[in-house]
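**Student:** structure for the following, please:
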Amino acid sequence: MGLDITKIRDQFPVLHQEVNGKPLIYLDNAATTQKPKSVIEALSKYYQMDNSNIHRGAHTLADRATRHFEETREAVRTFINANESAEVIFTKGTTESINLVAATFGRKFVKKGDEIIISTLEHHSNIVPWQMLCEEKGALLKVIPINEAGEIIFEEFEKLLSSKTKIVSIVHASNALGTINPVKKVIQAAHNVGAKVLLDGAQSSTHLEIDVQELDCDFFAFSAHKLYGPTGLGVLYGKREVFESMPPYQGGGEMIREVTFEKTTYNDIPFKFEAGTPNIADVIAFKAALDFMNQIGKKEIKKHEDQLLQYAVEQLSQIKGFIPVGTAKEKVSVVSFNINAMHPYDVGVMLDANGIAVRTGHHCTQPLMKRLEIEGTVRASFSVYNSKSEIDKLAESVRRIARIKNK
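**Tutor:** The predicted model follows:
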């Protein structure tokens, strides 16, 4: 028996509106997912009832806020199967999580002549921090090539590895194409030469079951807002021994053990990396998002999204002028495409006129678009609250748009 999509959709207020006189069809989930009532209510409840700083207060509100905050950390630990909650650090998002690793692990352990490996599929946030580090250290950035389907060429990756490789930072699932990388093989190969591995889990965390211990990655970064949670909040998982070897990211309150004008000693993890007042309200509300996903079940969510992906590909592939971009065998629920001789932005505007929200452009993956020799794509991305009837309307609209161009 499948999911009760009507019941699920009833939990999302934003979905029940019209856009340009048409019922909203929200297919921009790879950019951000919508928020269920439980998340909105948890956010509101904190400000109405529990608003206080955490960890340092002796009063009841501070105690409640601290308890709820740390309950979220434990919920995240369970969600990704970390060994302990101290291996879970809260950040502003996946971007800050990657920058934190580059700025701390990178600056301490990467030296002149060392090498860092990324892939052609990377989001800019998993390219630029490493470029900055390489420029600072005199290190070399190497890039894993991809095939025409949008899959990394693993044999070429193996050729890039050497004793000089210090870190491999690779996307788990591509935001632009949906490609799921063979990250377990990547991790094993990297570890064989003594390199650490960071996984960009911004997309995979919402679609795939994540077990960081089974994967054996050294770092795993993701964002709450792609998991039905608030914006401005991310997570960085790291193995305890790796985190303990790294210097702090920022200085200030909470990350200290003792401060004197002569010397400062630092707090234990995770607090060593959480300087200042954190994003308390959004952390607390994030637990409601994780609860929402756990109630449905990751397996059920993935099964539903895989069915939507297959159905969308079947329907859209029948349209004359439809050009799929990214046809990897293993994908999350993302369909990127173009329509013959049309700019992706123009297609997006015409879909929006029909109440259909998609993403257009280079998706913060300009080097990938250059490799594919295109300016950008139209990207439709599906979530648990989407339905086959919405895909039918997408296909109908795309067909009409293609006809206009083919006249």
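
**Student:** what about Ala42, how many neighbours?
**Tutor:** 24 (other Cβ atoms under 10 Å). Where C-beta positions appear, they are placed from N, C-alpha and C, glycine not excepted.

**Student:** do the same with Gln131
**Tutor:** 15.

**Student:** ok, it touching Ala139?
**Tutor:** No - at 9.9 Å, Gln131 does not count as touching Ala139 under the criterion of Cβ atoms under 8 Å.

**Student:** okay, now the unreliable bits of this protein?
**Tutor:** For the chain, applying pLDDT under 70 flags the ranges 1, 405-407.

**Student:** residue nearest the centroid of it?
**Tutor:** Nearest to the mean C-alpha position of the chain, counting by Cα atoms, centre = their mean, stands Ala202 at 0.9 Å.

**Student:** element containing it, please.
**Tutor:** Using DSSP states H and E, Ala202 sits in no helix or strand.

**Student:** for it, which non-adjacent residue is spatially closest?
**Tutor:** Leaving aside its sequence neighbours, Ala202 sits nearest to Thr94 (Cβ to Cβ, 6 or more residues apart in numbering; 4.3 Å).

**Student:** and that neighbour, what does it touch?
**Tutor:** Residues in contact with Thr94 (Cβ atoms under 8 Å, 6 or more residues apart in numbering) are 125, 200-202, 221-223, 234.

**Student:** picking up where we left off before, isn't the residue nearest to the centre of the chain up against Ser223?
**Tutor:** Yes - Ala202 lies in contact with Ser223 (Cβ under 8 Å); the separation is 5.4 Å.

**Student:** the residue nearest to Gly253 when sequence neighbours are not counted in helix, strand or coil?
**Tutor:** Nearest-residue entry for Gly253: Gly276, 5.5 Å, with adjacent residues in sequence omitted and distances by Cβ to Cβ, 6+ apart. With DSSP: H, G, I helix; E, B strand; the rest coil as the basis, the three-state label of Gly276 is coil.

**Student:** got it, and Phe105?
**Tutor:** Phe105 ends up helix, using three-state DSSP.

**Student:** Phe220 now?
**Tutor:** When classified by three-state DSSP, Phe220 comes out as strand.

**Student:** now for it, how many residues are close by?
**Tutor:** Applying other Cβ under 10 Å, we find 28 other residues in the vicinity of Phe220.

**Student:** check contacts around it.
**Tutor:** Per Cβ under 8 Å, 6+ apart, neighbours of Phe220: 80, 198-199, 201, 210, 212, 235-238.

**Student:** the residue lying closest to it once chain neighbours are set aside: neighbouring residues, count only.
**Tutor:** Spatial nearest neighbour of Phe220, chain neighbours left out: Tyr237 (4.2 Å); criterion: Cβ to Cβ, 6+ apart. For Tyr237, the neighbour count with other Cβ under 10 Å is 27.

**Student:** surely Tyr237 and Asp211 touch.
**Tutor:** No - between Tyr237 and Asp211 there is no contact under Cβ under 8 Å: 11.1 Å.

**Student:** returning to that earlier point: and the residue nearest to Ala202, how far is that from Asp211?
**Tutor:** 19 Å (Cβ to Cβ, to the nearest Å).

**Student:** which residue ranges of the stretch 151-300 of the chain form strands?
**Tutor:** Applying DSSP state E, counting those that start in this stretch to the stretch 151-300 of the chain gives strands spanning 165-171, 196-200, 219-223, 234-238, 256-259, 264-266.

**Student:** hey, C-alpha coordinates of stretch 388-398 in PDB?
**Tutor:** Extracted C-alpha coordinates of stretch 388-398, given in PDB (Å, rounded to 0.1, in the frame of the first residue of the first chain):
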ATOM      1  CA  LYS A 388       1.800  11.600 -10.500                       C
ATOM      2  CA  SER A 389      -1.100  14.000 -11.400                       C
ATOM      3  CA  GLU A 390       1.300  16.900 -10.900                       C
ATOM      4  CA  ILE A 391       3.800  15.300 -13.200                       C
ATOM      5  CA  ASP A 392       1.000  14.900 -15.800                       C
ATOM      6  CA  LYS A 393       0.400  18.600 -15.600                       C
ATOM      7  CA  LEU A 394       4.200  19.200 -15.900                       C
ATOM      8  CA  ALA A 395       4.300  17.000 -19.000                       C
ATOM      9  CA  GLU A 396       1.300  18.700 -20.500                       C
ATOM     10  CA  SER A 397       2.800  22.100 -20.000                       C
ATOM     11  CA  VAL A 398       6.200  21.100 -21.400                       C
END
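
**Student:** run through who's touching it.
**Tutor:** Residues outside stretch 388-398 that contact it (Cβ under 8 Å, 6+ apart): 25, 27, 307-308, 311-312, 315-316, 318-319, 322, 339, 347, 350-351, 354, 356, 358, 380, 382.

**Student:** restricted to helices, list those.
**Tutor:** 307-308, 311-312, 315-316, 347, 350-351 (DSSP state H).

**Student:** now list the buried members of the contacts of stretch 388-398.
**Tutor:** 25, 27, 308, 311-312, 315-316, 319, 322, 339, 347, 350-351, 354, 356, 358, 380, 382 (16 or more other Cβ atoms under 10 Å).

**Student:** now do the same contact list for Ser174.
**Tutor:** Neighbours of Ser174 in contact, by Cβ under 8 Å, 6+ apart: 121, 150, 181, 203, 326, 334, 365, 368.

**Student:** and if you look at Thr91?
**Tutor:** 97, 100, 221, 233-236.
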